[in-house]
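Peer 1: Predicted model and sequence follow; I will ask about them next.
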Amino acid sequence: MRSYEAMYIVHPETVGEARTAVIDKFSKIVEDQGGGILKIDDWGDRKLAYPIKKLTRGSYVLMYFEADPASITELERRFRLDDNIIRFQTMLLEKGFKLPEEKAEVEAEPAEEGEEAGE
């Protein structure tokens, strides 16, 4: 399976549980096609760079997933049919998707008491 990234913009009037239902719907579509969800980032409501269908705001969702190339066709078909989706883009991640590792916090060592600046 290949790794993909799909960004889609949900209609701004779709809020709360309705927006969550839309996100779950597209996650389920990927899973029903035999793929797996790696990560979903809900960016929330943002201003669009240019008006789309006379709308100036939208809720951005970024979804990372693994799937077969044939299932991308079905996912994009469902994006086009859903009135809640105003734009979408799916991209192949050639190097795959790697979850960012938690950065270990390195504590700065306190300066020794005997050291003073200028000595």
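Peer 2: Received the coordinates, thanks.
Peer 1: So which elements touch the longest strand that the chain contains?
Peer 2: Longest strand of the chain, by residue count under DSSP state E: strand 36-52. Here strand 36-52 touches strand 2-10, helix 17-32, strand 55-67, going by 3 or more CB pairs under 8 Å, 6 or more residues apart in numbering; DSSP states H and E. From N, CA and C alone the C-beta is placed, and that goes for glycine too.
Peer 1: Tell me which residues touch Asn84, please.
Peer 2: If you count contacts by CB atoms under 8 Å, 6 or more residues apart in numbering, Asn84 has them with 10-11, 14, 18, 22.
Peer 1: Could you do Gly96 as well?
Peer 2: Counting by CB under 8 Å, 6+ apart, Gly96 has contacts Ser3.
Peer 1: three-state assignment of it?
Peer 2: Classification of Gly96 using DSSP: H, G, I helix; E, B strand; the rest coil returns coil.
Peer 1: Read off the pLDDT value for it.
Peer 2: In this model, Gly96 is scored at 70, pLDDT.
Peer 1: And the one 10 residues further on, by the same measure?
Peer 2: At Val106, the predicted lDDT confidence score is 43.
Peer 1: quick revisit: list only buried entries from the contacts of Asn84.
Peer 2: Neighbour counting by 16 or more other CB atoms under 10 Å classes 10-11, 14, 22 among the contacts of Asn84 as buried.
Peer 1: quick one: which of those is nearest Val61?
Peer 2: Nearest to Val61 out of the buried ones among the contacts of Asn84 is Val10 (CB to CB; 6.3 Å).
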